[in-house]
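Undergrad: I'd like to go over a predicted model; first the sequence, then the structure.
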Amino acid sequence: MSTRHDYAKLNPEVEQMMNKRRSFLKQATGLTLGTLGLPLINARAAAAKNVRIGGSLGMSGRYAETGLNIKFGYETAIKYINEELGGVEIDGTRYAFILNLVDDASDPARATTLIQRQVDDGVDFFLGSYGSNVVLPCAAITEAAGKPMIQVGASADQIYTQGHTTVFGFFPRASRAWDSSVSFFRDIEPRPRKISIIATNDAFSRLNAQAAAKGCREAGFELLDMFQLPEQVSDASSVLSTLRARTPDVLITTTVDQNSLVIARQMIATGTNVPLLYQFLGPQLPMYRQSLGAQSNGVCAQFYWDDRVNLEDPVFGNSQKFVSYYREHFKRPLSYHTAGAAACITTYVHAMQQAGSLKPDRVRDALAQTDISTLFNRIKFSPEGDGDSIVMGAKIGQIQKQRFEIVYPQAQRTASLLYPTAPWAERS
């Protein structure tokens, strides 16, 4: 098992974050640990023993939109377990779940401070934050402590290539995430020839862009340009000017949700049209489609979950029961991150029951062997802990009439691909 010291030596950026965390810790005694530690429970759950699940999440700051989607998923599963089921039975004892979730403000240094505090406080099981730059250093802390972490918000390769044995993710690592997308591009008629890629200066986006470029070249596409923007995008005008001069058939962006929205807005404002815009993250969110309205139509993205598909789940029974329960109790639009977050909890429950124990090492071993249906997807992890690239690989969707439709693979599609898409000004 790697130590935090060894991990930091391999990752200078992480060591800088850890130093910031130590400095921050000295002045952090006034921080609130969140308001989620006392979920409502029924009489059965009140009489049960408690299992604490900790974690940090960007409920404010740059990642707040997706962070809140994840938060609501965690809360839904905890609420259902405690209020509807009266807890769950593990090795003959009934347990209620306590969610100790803290706001990391989308800041890696703050996140590591708060996660270390939870480790020191005896929390044994963790949920991940959103953003690889946040999850990566937090995983080093939980790994050093031997505590499992399940997360649905990060897929940078470094999370899974540093010898970690306790972190599990619901998505294939970035370098393995492009197989289905490249197959999709090859299936388009008339077939695209030229592709450009926009990445941002962070580990997830850079690796994602490199994997996309490699897959596209191997499939015979011409790569016109690979652009890199700052980690937080505010002005993409120079890149968009080049795109207007050298128009690709497909433009790929490998950025996080908020950056994708900024790039799309600036493309619309500058009249930067391409036959197909493919954004790795962003279009899946209701917020993206609400913000762009009809001009979001035609944009494509990977996605992992559709509320019309019904899958078995070890806690809710099936995904349609989850959807109904969520919409009965929460007003926030339902996103795939919300469903994935709820499935993180149900996966923990299954692993604890399979282990017949709440010892972190035994639960970790059960997670490594997981191969089950959940409300989100079939869950099976690679030996390194990321989502199995075949079992948990992505489908391709396109926004049509402001709804996400499956356009690939053909056997699962709910609509035919619109290609080439209309110019921004003509979309309705």
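TA: Yes, it's here.
Undergrad: next, give phi and psi for the residue lying closest to Gly153 once chain neighbours are set aside.
TA: Distances taken as CB to CB, 6 or more residues apart in numbering place Tyr130 nearest to Gly153, at 3.5 Å, with adjacent residues excluded. (Glycine included, C-beta is placed from N, CA and C.) The phi and psi values for Tyr130, taken as degrees, to the nearest 10, are phi -120, psi 140.
Undergrad: kindly report the same for the one 3 residues further on.
TA: Summarising the backbone geometry of Asn133 under the convention degrees, to the nearest 10, its torsions are phi -70, psi -20.
Undergrad: thought it was touching Ala203?
TA: Yes. Asn133 is within contact range of Ala203, at 6.7 Å (criterion: CB atoms under 8 Å).
Undergrad: okay, those two: which has more neighbours?
TA: Counting neighbours by other CB atoms under 10 Å for Asn133 and for Ala203 shows that Asn133 has the greater number, 23 against 19.
Undergrad: contacting residues for the more buried one?
TA: Asn133 sits next to Pro108, Ala156, Asp202, Ala203, Phe204, Glu231 when contact means CB atoms under 8 Å, 6 or more residues apart in numbering.
Undergrad: wasn't Gly55 part of a strand?
TA: Yes. Membership of Gly55 in a strand is supported by DSSP: H, G, I helix; E, B strand; the rest coil.
Undergrad: spatially nearest residue to it (excluding sequence neighbours)?
TA: In this structure, Gly55 finds its nearest non-sequential neighbour in Leu127, 3.6 Å apart by CB to CB, 6+ apart.
Undergrad: my guess is the one you found meets Pro148, correct?
TA: No. Using CB under 8 Å as the test, Leu127 is too far from Pro148 to be in contact (9.9 Å).
Undergrad: pretty sure Asp371 contacts Ile379?
TA: Yes. Asp371 lies in contact with Ile379 (CB under 8 Å); the separation is 7.3 Å.
Undergrad: for these two, indicate the residue with more neighbours.
TA: Taking neighbours as other CB under 10 Å, Asp371 and Ile379 compare with Ile379 leading, 26 against 10.
Undergrad: where are the low-confidence patches of the chain?
TA: Within the chain, the segments meeting pLDDT under 70 span 1-47.
Undergrad: please name every helix or strand in contact with the strand ranked longest in it.
TA: Using DSSP state E to define each element, the chain has its longest strand at strand 93-103. When contacts are defined as 3 or more CB pairs under 8 Å, 6 or more residues apart in numbering; DSSP states H and E, strand 93-103 packs onto helix 43-46, strand 49-57, helix 64-79, strand 88-90, helix 108-120.
Undergrad: same thing but 10 Å
TA: With contacts taken as 3 or more CB pairs under 10 Å, 6 or more residues apart in numbering; DSSP states H and E, strand 93-103 sits against helix 43-46, strand 49-57, helix 64-79, strand 88-90, helix 108-120, strand 125-127, helix 336-355.
Undergrad: count the residues that sit near Glu231.
TA: 17.
Undergrad: quick one: the longest strand of the chain to helix 108-120, angle?
TA: 150 degrees (axes from the mean of the first three to the mean of the last three CA atoms, to 10 degrees).
Undergrad: buried set for strand 93-103?
TA: Tyr95, Ala96, Phe97, Ile98, Leu99, Asn100, Leu101, Val102, Asp103 (16 or more other CB atoms under 10 Å).
Undergrad: wait, which of those residues is closest to Asp386?
TA: Nearest to Asp386 among the buried residues of strand 93-103, counting by CB to CB, is Leu101 at 22.8 Å.
Undergrad: pretty sure that closest one is touching Leu68, no?
TA: No. Under the criterion of CB atoms under 10 Å, Leu101 makes no contact with Leu68, lying 11.3 Å away.
Undergrad: could you tell me which residues touch both of the two?
TA: Counting by CB atoms under 10 Å, 6 or more residues apart in numbering, the shared contacts of Leu101 and Leu68 are Leu57, Met59.
Undergrad: touching the host helix or strand of Tyr278 from outside, list them.
TA: Using DSSP states H and E, Tyr278 maps to strand 276-279. For strand 276-279, the external contacting residues (CB under 10 Å, 6+ apart) are 181, 184-185, 188, 192, 195, 197-198, 212, 248-255, 257, 259-261, 263-264, 267, 283, 288, 296, 298-302, 396, 398, 417-421, 424.
Undergrad: no more questions from me, cheers.
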